[in-house]
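Trainee: Model the structure of this input:
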Amino acid sequence: QVQLVESGGGLMQAGGSLRLSCAASGRTFRRDAMGWFRQAPGKEREFVAAISWSGVSTYYGDSVKGRFTISRDNDKSTVYLQMNSLKPEDTAVYYCAADGRMYGPAPRVSSEYNYWGQGTQVTVSS
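Mentor: Modelled structure (predicted):
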């Protein structure tokens, strides 16, 4: 079993930055690929970013590429999402997810993830 707790969301003006954190507990975090997804009201859950278990490989959704950065600290069992140059269209609930398959690839599809956090709200005003 894996528990994921997101933090760092909030209200920010367009052009600003936020850093989301996702603290993991309950199993060996360092062997799981991790991902961030988001869901805006009335829209489907959207892939934001993913990172391999080693941290060597990262992947981004087209809408955030060049603005967001995913990273991880395996000693702290935490994955981060640094969000820069925020836009109003980034407004959504952001979810952290753990792959749950040791040494697996870093999926970009939500159905490939087995564990999810409760989400944290990010609101970007224009």
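Trainee: how far away is Gly15 from Ser125?
Mentor: From Gly15 across to Ser125, the span is 10 Å (CB to CB, to the nearest Å). The way it works is simple: take the backbone N, C-alpha and C, and place the C-beta from them, glycine included.
Trainee: what stretches of the chain score poorly on pLDDT?
Mentor: Within the chain, no stretch falls below the threshold (pLDDT under 70).
Trainee: how about 80 then?
Mentor: 1, 26-28 (pLDDT under 80).
Trainee: That one: strands as residue ranges?
Mentor: With DSSP state E applied, the chain shows strands at 3-7, 10-13, 18-25, 34-39, 46-51, 58-60, 68-73, 78-83, 92-98, 115-116, 120-125, listed in chain order.
Trainee: Which of these sits closest to Ala106?
Mentor: Closest approach to Ala106 among these (CB to CB): strand 46-51, 4.0 Å.
Trainee: Any idea how far that closest one is from the middle of the chain?
Mentor: Per CA atoms, centre = their mean, to the nearest Å, the displacement of strand 46-51 from the mean C-alpha position of its chain is 6 Å.
Trainee: So which bits of that strand are buried?
Mentor: Residues of strand 46-51 classed as buried: 47-51 (neighbour count, 16 or more other CB atoms under 10 Å).
Trainee: helices or strands up against it?
Mentor: strand 34-39, strand 58-60, strand 68-73, strand 78-83 (3 or more CB pairs under 8 Å, 6 or more residues apart in numbering; DSSP states H and E).
Trainee: what's the most buried one of those?
Mentor: strand 34-39 (a mean of 24; mean count of other CB atoms under 10 Å).
Trainee: Contacts for that strand next, please.
Mentor: Strand 34-39 is contacted from outside by 20, 22, 24, 45-51, 70, 72, 79, 81, 90, 92-99, 106-108, 110, 113, 119, 122, using CB atoms under 8 Å, 6 or more residues apart in numbering.
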